[in-house]
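Colleague: Need a 3D model of the sequence below.
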Amino acid sequence: MAYSTILKPSDYFNTLLYSGNSSVRSLTGVGFEPSWVWIKERSSSSDHMLFDQPRGVQKYISSNLNNVEQTSAGMLTAFGSDGFSLGNSNDVNDNGQTYASFNWKANGQGSANTAGSINTTYTSANTTNGVSICKWVGTQSTGTIAHGLGTVPKIYFVKNLDSTDSWNVFANTGYMDANYRLLLDTNGGRITDADAWNSQNPTSSFFTVGSNTGTNKSGSNMIAYVFSEVKGFSKFSEYTGNGNADGTFVYTGFKPAWVLIKDLMRSESWYIYDGKILGYNGQMGDFLANTAAAEGTDYAIQVDLVSNGIKFQSTTGHLNGSNEKFLYMAFAESPFVANSGESIPTTAR
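Modeller: Here you go, the predicted structure:
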């Protein structure tokens, strides 16, 4: 019996690696039409570039910046059935530079959703993989927004597109709940704040925003990337570090393809690990979602993506500090038990 209804996770999340050529081009190999594309230059310092279908082509925001949304013809110019098209911007297509694109499938551009007390201009929701993108105009009064997932989200990222407010991150994992928020573009720990989410955890239908200008400023266009867990495909939770070289093991129930980790208790960066980058344990590069830094190659800080979870092999504080609480997001490369006509256990790298 398959462990997940998603037998091929790469149909819903996939990483595409490519080299820039400074020419207008189309890239294929994603495996589906992406609704959200996150591009990061690997070989040198450059801002993270985030694109999605509800906001439309050529419009970008950066996870490491609090900037307003920008538009450029040199950025992502089209979403295709198996990838996307690019212009000649150095941030996404500089000649001789290498790039990683992280791609999620939602439901295209989506459509307006009026079920919440705040209407969305677009809600792009995929109930199969638990991914929703919601765009609305802020009211600065407490309200509910329909995410369309039919299950309770565990984490979401909200950005004011028209104002230089930081990215606000909600998570409901134990140490985090609706009384707190994180800032994606900074390295700070959790912040106590009842205004961001009005101290209301989400339901299977809605998430709540309050009066914080970073989550619901009056008259501002807002965007949210919303995620609920799907067994065997995604896991959003927290773990406690042990401070040992034989570090904490985090059980996810699948071989992770992509992981985002944040120390909740102190000022540490947001670390991204991807299984396609160098592709094997002990030699895994990383990105910092809150900085423009090039791909890191400090292999002594070892993170192993194994057949059923994440194993830390370092005493480093920002991943495995003793008694520290860490938030993580993980998406699957393959379920713990694969299914291609028969049950085949997945293997570690």
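Colleague: which ones are touching the closest residue to Ala125 other than its chain neighbours?
Modeller: In space, and not counting its chain neighbours, Ala125 is closest to Gly148: 3.1 Å by Cβ to Cβ, 6 or more residues apart in numbering. C-beta here means a position set from N, CA and C on the backbone, and glycine is covered the same way. Listed by Cβ atoms under 8 Å, 6 or more residues apart in numbering, the contact set of Gly148 reads Gly110, Asn113, Thr123, Ala125, Thr127, Ser132, Cys134.
Colleague: Tell me the buried residues within these.
Modeller: Gly110, Asn113, Thr123, Ala125, Ser132, Cys134 (16 or more other Cβ atoms under 10 Å).
Colleague: ok but the last one is inside a strand, no?
Modeller: Yes - checked against DSSP: H, G, I helix; E, B strand; the rest coil, Cys134 lies within a strand.
Colleague: So what sits opposite the closest residue to it other than its chain neighbours in the bridge?
Modeller: Leaving aside its chain neighbours, Cys134 sits nearest to Ala224 (4.5 Å; criterion: Cβ to Cβ, 6+ apart). With DSSP bridges as the criterion, Ala224 is bridged to Cys134, Val158.
Colleague: residues near Ala224, how many?
Modeller: 24 (other Cβ atoms under 10 Å).
Colleague: From Thr142, how far out is it?
Modeller: 15 Å (Cβ to Cβ, to the nearest Å).
Colleague: got it, and Gly309?
Modeller: Distance from Gly309 to Thr142, by Cβ to Cβ: 38 Å.
Colleague: Looking at these two, which has the bigger crowd around it?
Modeller: Set Gly309 next to Thr142 and count neighbours by other Cβ under 10 Å: Gly309 wins out with 22 against 17.
Colleague: Now do the contacts for that one.
Modeller: Taking Cβ under 8 Å, 6+ apart, one finds Phe249, Val250, Tyr251, Thr252, Gly253, Pro256 in contact with Gly309.
Colleague: rerun that using 7 Å as the cut-off
Modeller: Gly309 is in contact with Phe249, Val250, Tyr251, Thr252, counting by Cβ atoms under 7 Å, 6 or more residues apart in numbering.
Colleague: How is the protein divided into domains?
Modeller: With domains defined by automatic domain parsing, the chain comprises 9-104, 114-227, 235-345.
Colleague: Lowest average pLDDT across these?
Modeller: Of all the domains of the chain, the minimum mean pLDDT falls on domain 235-345 (a mean of 86).
Colleague: Which parts of the stretch 51-200 of the chain are strands?
Modeller: For the stretch 51-200 of the chain, strands defined by DSSP state E, counting those that start in this stretch occupy the ranges 59-60, 70-71, 76-80, 83-86, 98-104, 111-113, 120-126, 131-137, 143-146, 155-160, 168-171, 180-183, 191-192.
Colleague: wait, which of the ones you listed is closest to Lys40?
Modeller: strand 98-104 (5.4 Å; Cβ to Cβ).
Colleague: tell me which residues in the closest one are buried?
Modeller: Applying 16+ other Cβ under 10 Å to strand 98-104 flags Thr98, Tyr99, Ala100, Ser101, Phe102, Asn103, Trp104 as buried.
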